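>>> Generate coordinates for the sequence data below:
(one chain, ligands or ions: 2)
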Amino acid sequence: MSKLIQAIRGMNDILPEETPKWQFVEQQFRKLMAAYGYAEIRFPIVEKTELFKRSIGEVTDIVEKEMYTFEDRNGDSLSLRPEGTAACVRACLQHGLLYNQSRRLWYLGPMFRHERPQKGRYRQFYQLGVEAFGFSGPDIDAEMIMMSARLWQRLGIADSVTLELNSLGSIESRRAYRDILVAYLNEHREQLDADSLRRLQSNPLRILDSKNPDMQALIEAAPKLNAHLDEASREHFVKLCNLLDAAGITYRLNSRLVRGLDYYSKTVFEWVTDRLGAQGTICAGGRFDGLVEQLGGRATTAMGFAIGLERLVLLIDEAQFARYDSAPQVYLLALGDAAEIRAIELAEQCRDALPELRLLLNAGGGGMKSQMKKADRSGAQFALILADDELARNEITIKDLRGEMQQQALSQIGLVEFLKSSLKL
Ligand code: ATP
Ligand code: MG
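Ligands and ions are numbered 1, 2, ... in the order given. You can find the predicted model right below:
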């Protein structure tokens, strides 16, 4: 036998036992997007490398260390998308979607980052992303946060997550703060670790985000970003907090929340949990009013967030998820050649009449015992049995595999009615 080929490290198969949970989350997300009037957009998985460099920033972790970049056969530098926002903006500009109008959009799909794989951190992972363009007020920030809060409720995880909130101010005020911060950190250079020394030049705000315990005292005492906000950003932030208060959404103000990407300004937020160890952020986002212009469009305000689907799926507990059942409801057994032909016919009739019905038809023959075993294993509520006896009388035998109902023979004509009422279809 030849050697088995394994998947690439950090890139997961999602097996049939797990996909129902994914489908449940995706379905809830899609319904939520429809409820708030957001439209789906799809864009390619591969883009020109330059797109990500220009949007995410040259000196961010993603662009410096995490991108899957390669030359294609024409010699162009391409990258697997590490996130969705840049490509979303690119597609909007290319197709004139932002021309004199606002947009509310969402997307869902795999992203790629060359990170160290561990629980909740992978090299291919899925994001649910939401972006709104052309809304400058805090009302859209509030809408997005409320929308995400509603999703946690619908997924039954609202008790496991908390909201962290901050404002980064305008790009100009952030630049001014950056100088103040660098001056402070320079004064305490001897306390900086190697990572922070490197970031002092390239991305000093990220130092505030350091998880190194030895640096915490220094960071706590650092000048606070929110004490240096410009007036417009401060007003925007106060209004947002008022809207969230009115909506009954609780949050923690976290002045160290800076996010890893260059393009954010004003509002930033994260939903975090303590149930996933170090990979505690399940949703992150903020305002990126400068990005559209940076990518060659007209200045357009923008706000968005992305949810890590793997981390979300890890959080959803089985009890809550039981509401979403994807197992077959009915298993149809067919014994003998004639019964097999009639069974296909009956199964199709049931599916015609009951589009929501989940019916599994026995395939591959087998005796009564082995077919019943398969019926039981399938998780179906009812086994429907079609053998010579039933055929001769135009009947079908119904056996309740999970409940109390007596086994009974039913006229085939009455089958649809029976399933409809007993399965509430
Ligand atoms: P982290 O700080 O955990 O690295 P990030 O700031 O790099 O996250 P974003 O770029 O904001 O993450 O992506 C939004 C969300 O996507 C994250 O909050 C997380 O839930 C998820 N995510 C990011 N990177 C990964 C990954 N490598 N594997 C799984 N999920 C991820
Ligand atoms: Mg990261």
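>>> alpha carbons only for contacts and neighbour counts from here, please
Fine.
>>> Would you mind listing what in the stretch 101-250 of the chain touches ligand 1?
113, 120, 121, 122, 123, 125, 127 (Cα under 6 Å from any ligand atom).
>>> Equivalent analysis for the stretch 301-425 of the chain, please.
Residues of the stretch 301-425 of the chain lying close to ligand 1 by Cα under 6 Å from any ligand atom are 306, 307, 308, 311.
>>> Reformat those as CSV; add distance to residue 244 and neighbour count.
Shown next, in CSV, are these (distance: Cα to Cα, whole Å; neighbours: other Cα atoms under 10 Å):
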residue, distance to residue 244, neighbour count
306, 19, 24
307, 20, 21
308, 23, 20
311, 25, 23
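>>> Out of these, which comes closest to ligand 1?
Closest approach between these and ligand 1, by Cα to the nearest ligand atom: residue 308, at 3.3 Å.
>>> How about the contacts made by that closest one?
Contacts for residue 308 were tallied using Cα atoms under 8 Å, 6 or more residues apart in numbering; they are 125, 126, 127, 128, 282, 283.
>>> Buried ones only from the residues you listed, please, as a ChimeraX command.
Those of those that count as buried under 16 or more other Cα atoms under 10 Å are selected in ChimeraX with:
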select :125,126,127,128,282,283
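>>> ok so, going back, can you tell me which of the residues of the stretch 301-425 of the chain next to ligand 1 is nearest residue 12?
residue 311 (13.2 Å; Cα to Cα).
>>> For the closest one, which non-adjacent residue is closest in space?
Nearest non-adjacent residue to residue 311, counting by Cα to Cα, 6 or more residues apart in numbering: residue 120, 5.4 Å away.
>>> before we move on, back to that, could you list which of the contacts of residue 308 belong to strands?
Using DSSP state E, the subset of the contacts of residue 308 located in strands is 125, 126, 127, 128, 282, 283.
>>> Report the two of those separated the most.
125 and 283, at 13.3 Å, using Cα to Cα across the ones in strands among the contacts of residue 308.
>>> What is the neighbour count of the residue nearest to residue 67 when sequence neighbours are not counted?
Using Cα to Cα, 6+ apart and skipping residues adjacent in sequence, the residue nearest residue 67 is residue 113, 5.4 Å away. Residues near residue 113, counting by other Cα atoms under 10 Å, number 23.
>>> Repeat that for the one 10 residues further on.
Here the neighbour count serves as a burial measure; for residue 123 (other Cα under 10 Å) it reads 23.
>>> Where does pLDDT dip in the stretch 151-300 of the chain?
Low-confidence segments of the stretch 151-300 of the chain, defined by pLDDT under 70: 260.
>>> give me that answer again for 80
Along the stretch 151-300 of the chain, segments meeting pLDDT under 80 span 260-263.
>>> so who does the residue of it found nearest ligand 1 touch?
Relative to ligand 1, the nearest point of the stretch 151-300 of the chain is residue 282 (3.7 Å; Cα to the nearest ligand atom). If you count contacts by Cα under 8 Å, 6+ apart, residue 282 has them with 270, 271, 272, 273, 307, 308, 309, 311, 312.
>>> Name the helix or strand for residue 78, please.
Applying DSSP states H and E as the criterion places residue 78 in strand 77-80.
>>> Tell me which residues of the helix or strand harbouring residue 27 come out buried.
Here residue 27 sits within helix 19-35, counting by DSSP H and E. Within helix 19-35, the residues that qualify as buried are 20, 21, 24, 25, 29, 30, 32, 33, counting by 16+ other Cα under 10 Å.
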